[in-house]
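A.B. asks: Give me a 3D structure for the following:
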Amino acid sequence: MKIFFGKTLIAFAIAGAGFNSVQAQQVPADEPVMNEQQLDQAAGQIAAAAQPQVSDPGLDLAQLIQDFEASPQGRAFVDNDSLFYTVATATVMVKPESREWGNARVMAYKEAMIEAQANYIRFLGLSVKTESVKKMFSDPSNMPSFSAGDLRSANKLAALFDKAVAVAGGKLDQQLDEMGINPEEFRAAPAEKRAKLFERSVAQTTVSRGRGDLTGIIPVKTFEAFNEQGDHAVAVAVVASPRFRQFVHDVIESKGDVAADPSKASAQPLRDLLRANPLALIDDFGIRRMYDEQGYPVLISFGQSSNPYRGSDFQQRADNRELSFISARAESFANFANLFKASGMVNEAVTQRTNRTNTGVAIAEGQDVTLSEEATTEIVRTINNEISSRGSVSDLAGTRELFRWTQNHPMHGHEINGVVFIWHPRSEQQARSLRNFKPQQTQQATQQRPRTTGQGGTSQSRDLMSADDF
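C.D. replies: Below is the predicted model of the structure:
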């Protein structure tokens, strides 16, 4: 009666009829009659409509990338035949509820960057080996059977098992239970034999290997998408070109002797430009080439890390924040190493196999033997994909911290700490000048500054010197 009542309500809802009360025993004659299958389908549709729709961040990310590549800025990369352009994606492995979500997000961008580097290695050239095998086997005479001797042996084994159970006093049952085997089912299980009667299979294994120089590959754009359940997907677009690789080579060899290009000069100081939108720093990863107010080419490296501490203790929060800044600084330096001198390797093995098998089965229960065939189809794919990249740089002079920042993630509230490092050609010259400085034989008077003490607050030194002094 309850099922009839519920389906009657569904029928009323679909027909669009309004009613004030419904009697379980009566169905109005003017309502359309629906069969059981239609009512079940309608119930399923209503239940599906009641479920909240959850978007797929992977699809949203693909649309975001497509929109960028269709824009004038994106088409300048995509349609340029003189450079290599690719995009790679990755997902954040943990939910925002995790204390380490911010760091997992950083590693997702790192994974996407490694995938993009692998695409570049594949573009440079791969060594590929593949092997395909087809196999067919048929032998109906393999159908298993039980001889009279087998049946007698099975009966003797069953009797022996019963005696063993009686002697062991339940210990055997206990051991079978520990192995996840029901003792009653084990004793009642009939004897069984199996043999392959027919097999048809096809398999292919492809092994790809590649190694390449990753120097000069630079990210130009990062993307991120997320859904209502906190799933995040990220992507990195990278570019490589002979011209930019030449620029990187010149930076290494010039020791800071790089000319400015006034036509590309920034309208405002880079520190002010990058700090103008603090929340935008959360989405900045990797390294970029920019130009300062005089038109000097500079390298801006972004690093960030999250602070997992959520308590109220000031010292613990400050300690974890400092550790977060150290991790962000390491990430920033890693960007320089990967840009100036890096190499990578790709090893990938993919095996795909489809198999269809007919198996003969003989089951003996007492003196009765039953013969049957079982058909199975199996589709298997195994993948072993390993990508590695290494970067190094020696004697990197002229890099300094432009500024550091702290922001709470606007959606999930995680504290994100970041640093922005800059390499400037004039800074490299200054660094080398200081490093190679040879003091003259002169004496200068020193002045001691008074030490301040007192209540808590802030203070800073007087502006006793200016940049012109250097």
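A.B. asks: any low-confidence regions in the stretch 351-470 of the chain?
C.D. replies: 442-470 (pLDDT under 70).
A.B. asks: what about the strands in it?
C.D. replies: Remark: strands assigned in the stretch 351-470 of the chain by DSSP state E, counting those that start in this stretch are 368-391, 399-408, 415-423.
A.B. asks: Kindly report the same for the chain.
C.D. replies: 84-91, 127-138, 191-213, 218-226, 232-240, 286-291, 297-307, 342-365, 368-391, 399-408, 415-423 (DSSP state E).
A.B. asks: Determine how far the second one lies from the middle of the whole chain.
C.D. replies: Using Cα atoms, centre = their mean, to the nearest Å, we find the averaged C-alpha position of strand 127-138 to lie 32 Å away from the chain's own average C-alpha position.
A.B. asks: Same question for the shortest one.
C.D. replies: From the chain centre to the centre of strand 286-291 is a distance of 24 Å (Cα atoms, centre = their mean).
A.B. asks: Check the third one too.
C.D. replies: Distance of strand 191-213 from the chain centroid (Cα atoms, centre = their mean) equals 28 Å.
A.B. asks: Go through that strand and flag the buried ones.
C.D. replies: Ala191, Lys193, Leu197, Phe198, Val207, Ser208, Gly210, Gly212 (16 or more other Cβ atoms under 10 Å). Where C-beta positions appear, they are placed from N, C-alpha and C, glycine not excepted.
A.B. asks: now these in CSV, with distance to Glu111 and pLDDT?
C.D. replies: As requested, the buried residues of strand 191-213 are exported to CSV (distance: Cβ to Cβ, whole Å; pLDDT from 0 to 100):
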residue, distance to Glu111, pLDDT
Ala191, 53, 77
Lys193, 50, 86
Leu197, 47, 93
Phe198, 44, 95
Val207, 23, 96
Ser208, 19, 95
Gly210, 18, 95
Gly212, 19, 94
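A.B. asks: re the thing from before, can I get the strands of the chain in TSV with distance to Phe336?
C.D. replies: Formatted as TSV, the strands of the chain follow (distance: least, Cβ to Cβ, whole Å):
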stretch	distance to Phe336
strand 84-91	21
strand 127-138	31
strand 191-213	16
strand 218-226	11
strand 232-240	16
strand 286-291	7
strand 297-307	6
strand 342-365	10
strand 368-391	8
strand 399-408	7
strand 415-423	7
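A.B. asks: Out of those strands, the one nearest Ala431 is which?
C.D. replies: strand 399-408 (8.3 Å; Cβ to Cβ).
A.B. asks: Dump the buried residues of strand 191-213 to a markdown table, plus distance to Arg432.
C.D. replies: Converted to a markdown table, the buried residues of strand 191-213 look like this (distance: Cβ to Cβ, whole Å):
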| residue | distance to Arg432 |
| --- | --- |
| Ala191 | 86 |
| Lys193 | 82 |
| Leu197 | 80 |
| Phe198 | 77 |
| Val207 | 47 |
| Ser208 | 44 |
| Gly210 | 38 |
| Gly212 | 32 |
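A.B. asks: Which one of those is nearest to Asn385?
C.D. replies: Ser208 (9.3 Å).
A.B. asks: List the residues that contact the closest one.
C.D. replies: Arg122, Leu126, Ser127, Val128, Val346, Asn347, Glu348, Ala349 (Cβ atoms under 8 Å, 6 or more residues apart in numbering).
A.B. asks: ok, now with 6 Å
C.D. replies: Leu126, Val128, Glu348 (Cβ atoms under 6 Å, 6 or more residues apart in numbering).
A.B. asks: Show me the beta-bridge partners of the residue nearest to the second one when sequence neighbours are not counted.
C.D. replies: Read that as Val128. Excluding the flanking residues, the one nearest Val128 by Cβ to Cβ, 6 or more residues apart in numbering is Ser208, at 5.0 Å. Per DSSP bridges, the residues bridged to Ser208 are Val128, Glu348.
A.B. asks: Against Pro219, how distant is the closest residue to Pro96 other than its chain neighbours?
C.D. replies: The shortest distance from Pro96 to any non-neighbouring residue, by Cβ to Cβ, 6+ apart, is to His412 (4.0 Å). The gap separating His412 from Pro219 is 24 Å, by Cβ to Cβ, to the nearest Å.
A.B. asks: between the contacts of Ser208, which is nearest Gly256?
C.D. replies: Using Cβ to Cβ, those come closest to Gly256 at Leu126, 38.1 Å.
A.B. asks: any idea how far stretch 298-316 is from the chain center?
C.D. replies: 21 Å.
A.B. asks: Check stretch 351-368 too.
C.D. replies: 41 Å.
A.B. asks: buried stuff in it?
C.D. replies: Going by neighbour count (16+ other Cβ under 10 Å), the buried part of stretch 351-368 is Thr357, Asn358, Thr359, Gly360, Val361, Ala362, Ile363, Ala364.
A.B. asks: ok, now stretch 74-90?
C.D. replies: In stretch 74-90, counting by 16+ other Cβ under 10 Å, buried: Gly74, Phe77, Phe84, Tyr85, Thr86, Val87, Ala88, Thr89, Ala90.
A.B. asks: And for stretch 257-270?
C.D. replies: Quick answer for stretch 257-270 (16+ other Cβ under 10 Å): Val258, Ala260, Ser266, Leu270.
A.B. asks: now, which of the residues you listed sits nearest Glu36?
C.D. replies: Looking across the buried residues of stretch 257-270 and measuring by Cβ to Cβ, the closest to Glu36 is Leu270, at 71.2 Å.
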